[in-house]
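Novice: Let me see the structure of the following:
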Amino acid sequence: MKIQSLSYVLIETTDLQEWANYAQNVVGLMKNESLSDENNLYLRMDEKSFRFHISTGEAKRYVAAGFDLNDQESFEQAKIELSEANVSFKNFTDEMTQARQVTDGISLQDPAGNALEISYGALDDKEPFLSPQDIKGFITKGLGFGHVVFAAPDLEVAHSFYINVLGFGDSDYMNFPMGPAPDAPEVKLNFMHCNNPRHHTVALYESPIPPSGLIHTMVEVNDIDEVGRGLDRAMQNNVHISSSLGRHSNDMMVSFYMQTPSGFDLEFGYDGWQVDWSTFTKQESKMPSFWGHAFSPPEN
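Specialist: Residues are numbered from 1 along each chain as shown. As a prediction, this is how the structure comes out:
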């Protein structure tokens, strides 16, 4: 199948206002007033009806990532391929279709248990996107909104699923020691792209599933100064900075990481590599960043 992009992320929270404050005052996302209510917060970053849907629940956690297909024909073919690969999936109910603002979709899990959704026909909103922090634009056109990084205790099995079942392509395999000690364990990650030029749309990190359900997701702005201003806003709002400013060695992104109200991280970046896949050779990286990205876990 040819997945086009990451379309949206679904998130659960016990405090919707906390997420609203963070999304609007720090990230600069726009609340979709017509879709949001006392239990649901829909957030926009471009012409689409939403990219983040946060709903009130019993925990603070990642719920699912939604991926986009071109049309109904691609969607029906994807269901055939999943069935042939003995991958279970559930059809969207009418309520789910309305909530996701799509024509139709299915839900499934990868071998690590990460929840995924595949859909087509994502709706645009009638109102223009206006960032409450005057961000001039997020990089989404033809690329989707960013990427997600999942934990996968059995990296090889999960990697095979994304490549051989969902049709992703390899971008990079990264392994490096976790610290300077000679016997430090290795960090292992697979980075994969779908049918657009973004260097990676999904990455898999060999580790147990974290309590938040997700390692991180990413949004990309179109100006390095927007990254600096985003970092300022995060610090001014007492958001935990999980990683200092740095430039990655594989996708060239200049970014910092901050903790979201649901416990996973959000990478806020600029200048990600848009790849010509016809001339690309899979990378094998031995370091995560050229400079910066000093990681700092939260104290609690």
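Novice: contacting residues around residue 59?
Specialist: Residue 59 is in contact with 12, 14, counting by CB atoms under 8 Å, 6 or more residues apart in numbering. The C-beta positions use only the backbone N, C-alpha and C, and glycine is treated the same way.
Novice: May I ask you to confirm that it belongs to a strand?
Specialist: No: applying DSSP: H, G, I helix; E, B strand; the rest coil, one finds residue 59 to be coil, outside a strand.
Novice: centre of the chain versus stretch 232-250, how much separation?
Specialist: Distance of stretch 232-250 from the chain centroid (CA atoms, centre = their mean, to the nearest Å) equals 17 Å.
Novice: quick one: buried residues of that stretch?
Specialist: Buried positions in stretch 232-250, judged by neighbour count with 16 or more other CB atoms under 10 Å: 233-234, 239-250.
Novice: May I have that stretch as PDB, with CA atoms only?
Specialist: The C-alpha coordinates for stretch 232-250 follow below in PDB (Å, rounded to 0.1, in the frame of the first residue of the first chain):
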ATOM      1  CA  ASP A 232      11.300  30.800  24.600                       C
ATOM      2  CA  ARG A 233       7.600  30.200  25.000                       C
ATOM      3  CA  ALA A 234       8.200  26.800  26.400                       C
ATOM      4  CA  MET A 235      10.600  28.100  29.000                       C
ATOM      5  CA  GLN A 236       8.400  31.000  29.900                       C
ATOM      6  CA  ASN A 237       5.500  28.600  30.400                       C
ATOM      7  CA  ASN A 238       7.500  26.200  32.600                       C
ATOM      8  CA  VAL A 239       7.400  23.400  30.100                       C
ATOM      9  CA  HIS A 240      10.000  20.700  30.700                       C
ATOM     10  CA  ILE A 241      12.700  20.900  27.900                       C
ATOM     11  CA  SER A 242      13.500  17.300  27.200                       C
ATOM     12  CA  SER A 243      16.300  18.100  24.800                       C
ATOM     13  CA  SER A 244      18.300  21.200  24.100                       C
ATOM     14  CA  LEU A 245      18.500  22.700  20.600                       C
ATOM     15  CA  GLY A 246      20.500  20.600  18.100                       C
ATOM     16  CA  ARG A 247      20.700  19.400  14.600                       C
ATOM     17  CA  HIS A 248      20.000  15.700  13.800                       C
ATOM     18  CA  SER A 249      22.500  13.800  11.700                       C
ATOM     19  CA  ASN A 250      20.000  11.800   9.600                       C
END
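Novice: Quick one: end-to-end distance for stretch 111-129.
Specialist: End-to-end distance of stretch 111-129: 36 Å, with CA to CA, to the nearest Å as the criterion.
Novice: now do stretch 29-46
Specialist: End-to-end distance of stretch 29-46 (CA to CA): 9 Å.
Novice: So which residues make contact with that stretch?
Specialist: Stretch 29-46 is contacted by residues 16, 19-20, 23-24, 49-56, 99, 101, 125, 129-132, 137-138, 140-141, 145, 219 when judged by CB under 8 Å, 6+ apart.
Novice: Can you tell me which of the buried residues of stretch 232-250 is nearest residue 165?
Specialist: Residue 165 has its nearest neighbour among the buried residues of stretch 232-250 in residue 250, at 23.6 Å by CB to CB.
Novice: could you measure the closest one against residue 192, distance?
Specialist: 12 Å (CB to CB, to the nearest Å).
Novice: what touches both of the two?
Specialist: 171, 200.
Novice: For the residue nearest to the spatial centre of the chain, give me its contacts.
Specialist: Per CA atoms, centre = their mean, the C-alpha nearest to the average position across the chain is that of residue 148, at 2.9 Å. Residues in contact with residue 148 (CB under 8 Å, 6+ apart) are 6, 9, 65, 201, 202, 203, 214, 216, 217, 218.
Novice: any idea which element residue 158 lies in?
Specialist: Per DSSP states H and E, residue 158 falls inside helix 155-164.
Novice: for residue 18, that is, sorry about that
Specialist: helix 16-22.
Novice: Report the buried residues of that helix.
Specialist: Buried-residue list, helix 16-22, by 16+ other CB under 10 Å: 16, 19, 20, 22.
Novice: which stretches of the protein aren't confidently modelled?
Specialist: Scanning the chain for pLDDT under 70 picks out 179-180, 300.
Novice: Just the helices from it, written as ranges.
Specialist: For the chain, the helices defined by DSSP state H occupy 16-22, 72-84, 94-100, 155-164, 224-236.
Novice: Can you redo the ones you listed as TSV, where the extra columns are distance to residue 121?
Specialist: Shown next, in TSV, are the helices of the chain (distance: least, CB to CB, whole Å):
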stretch	distance to residue 121
helix 16-22	27
helix 72-84	8
helix 94-100	9
helix 155-164	23
helix 224-236	30
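Novice: For residue 276, grab phi and psi.
Specialist: Main-chain dihedrals, residue 276, degrees, to the nearest 10: phi -90, psi 100.
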